[in-house]
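Q: pasting the sequence and the predicted coordinates here, then a few questions.
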Amino acid sequence: MGITNRKLIMVHYINYKVNHFNKGDKVYAYKYFVDDVTSVNLPLKRLIKSTTSSDFKLIPSGNVIVNDSLSKYKSSYIGNYIDYKIFPSTDKGKEGIWRVYSITPNWKVIKKNASIPPPLPPNYVFADNNFYLNWTRCADKELNKFN
């Protein structure tokens, strides 16, 4: 319990230091996503919550930000900032804490229904209508150069 609380405090501290967004600010794809030729899309997630516990999970939305579209529009603008969420998670058996940003997507650079999202697990509902990205994928200014 103490380790989890310490991690949570550290995540809030890091968020305080690096989150320079205000509601409505433009969000840009971070440079390494645009420059990485092996990464052709950036999946948007949806937040779901349990109806029987306090559990939250991120699941694929089926929509992705497409690297080619960013190049086409010569901008890495991916949407507008709404808020952030911090919650405990488990990935591949490791416990951690997720910090994600919710955005209103720039639909020009989104491939809708790129994949079929998984069905909601039993006793889960969507927590909201927002789309989520890991905070490390986001920048508060254009960091990329397009030809």
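A: The structure has been received and is ready for your questions.
Q: remind me what the lengthiest strand in the chain packs against, helices and strands.
A: The strand spanning the most residues in the chain, taking DSSP state E as the definition, is strand 77-91. Judged by 3 or more C-beta pairs under 8 Å, 6 or more residues apart in numbering; DSSP states H and E, the packing partners of strand 77-91 are helix 2-18, strand 26-29, strand 56-66, strand 94-105, strand 131-134. C-beta coordinates here come from the backbone N, C-alpha and C atoms, glycine included.
Q: residues contacting the spatially most central residue of the chain?
A: Taking C-alpha atoms, centre = their mean, the centroid of the chain lies closest to Leu133, which sits 0.6 Å from it. Contacts for Leu133 (C-beta atoms under 8 Å, 6 or more residues apart in numbering) come out as 27, 42, 44-45, 78, 100-101, 103.
Q: again, only this time at 6 Å
A: Listed by C-beta atoms under 6 Å, 6 or more residues apart in numbering, the contact partners of Leu133 are Tyr101.
Q: what's across from it in the sheet?
A: Leu133 forms beta bridges with Tyr101, as assigned by DSSP bridges.
Q: what of Ala29?
A: Cys138.
Q: how about Lys141: what's its closest non-neighbour residue?
A: Leaving out its chain neighbours, the residue that sits closest to Lys141 by C-beta to C-beta, 6 or more residues apart in numbering is Tyr28, at 6.4 Å.
Q: check what pLDDT that neighbour gets.
A: Listed pLDDT for Tyr28 reads 91.
Q: contacts only, for it.
A: 76-77, 139, 142.
Q: roughly how far apart are it and Ser76?
A: Using C-beta to C-beta, to the nearest Å, Tyr28 is found at 5 Å from Ser76.
Q: what's the answer for Lys111, then?
A: In this structure, Lys111 lies at 16 Å from Ser76, with C-beta to C-beta as the measure.
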